[in-house]
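Undergrad: just to be clear, the model below is a prediction. Sequence and coordinates:
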Amino acid sequence: LLEQITDVSINTFSLSDVSDALLHFDYAQYKDIYNLVFALSGANALLLLVGCFFDWRQEHTKRKEQTKFIVSAIQSKQPREVREREEDAELDGTRRALPADAQVAIGVGGGEGGGEGDGMMAPDVANSITGRKPAPKSE
């Protein structure tokens, strides 16, 4: 038994073996092994790139959702008057983008009379085109 234990040898690489392998690179001698090592290294690099892309896309989507949530939270905390003022400003920009004869036709200004519903269309049609809410009726 003692003889069997002492006969066991372990093969290790010494520093001279490593330097010899790196300095005297012989691809033709170990062609199959080098092909396998290079293929696995290339596959590893490709999978790292794919994993980084998926992580980036997940973080990008999460940031967009968080931004939407924050914007909606801020808008919901604004007073009603401020939100309505912003909506009216947006609608004014839409009206300015319409051609002058279209503004006259829907009665949002610029033509004869120039008031709400003074054009050729009924006020409810003009309001549906411009997005403006009808004015409350005063008694």
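TA: Ah, there it is. Numbering: from 1, shown residues only.

Undergrad: for the chain, what's the longest helix?
TA: Taking DSSP state H as the criterion, the chain has its longest helix at helix 31-77.

Undergrad: could you point out which element follows that one?
TA: Sequence-wise, the next helix or strand downstream of helix 31-77 (DSSP states H and E) is helix 80-97.

Undergrad: what angle separates that next one from helix 31-77?
TA: Computed by axes from the mean of the first three to the mean of the last three Cα atoms, to 10 degrees, the angle separating helix 80-97 from helix 31-77 equals 110 degrees.

Undergrad: by contact count, what packs against helix 80-97?
TA: Under the contact definition 3 or more Cβ pairs under 8 Å, 6 or more residues apart in numbering; DSSP states H and E, helix 80-97 sits against helix 123-130. Any C-beta I mention is one placed from the backbone N, CA and C, and that applies to glycine too.

Undergrad: repeat the analysis, applying 10 Å as the threshold.
TA: When contacts are defined as 3 or more Cβ pairs under 10 Å, 6 or more residues apart in numbering; DSSP states H and E, helix 80-97 packs onto helix 31-77, helix 100-106, helix 123-130.
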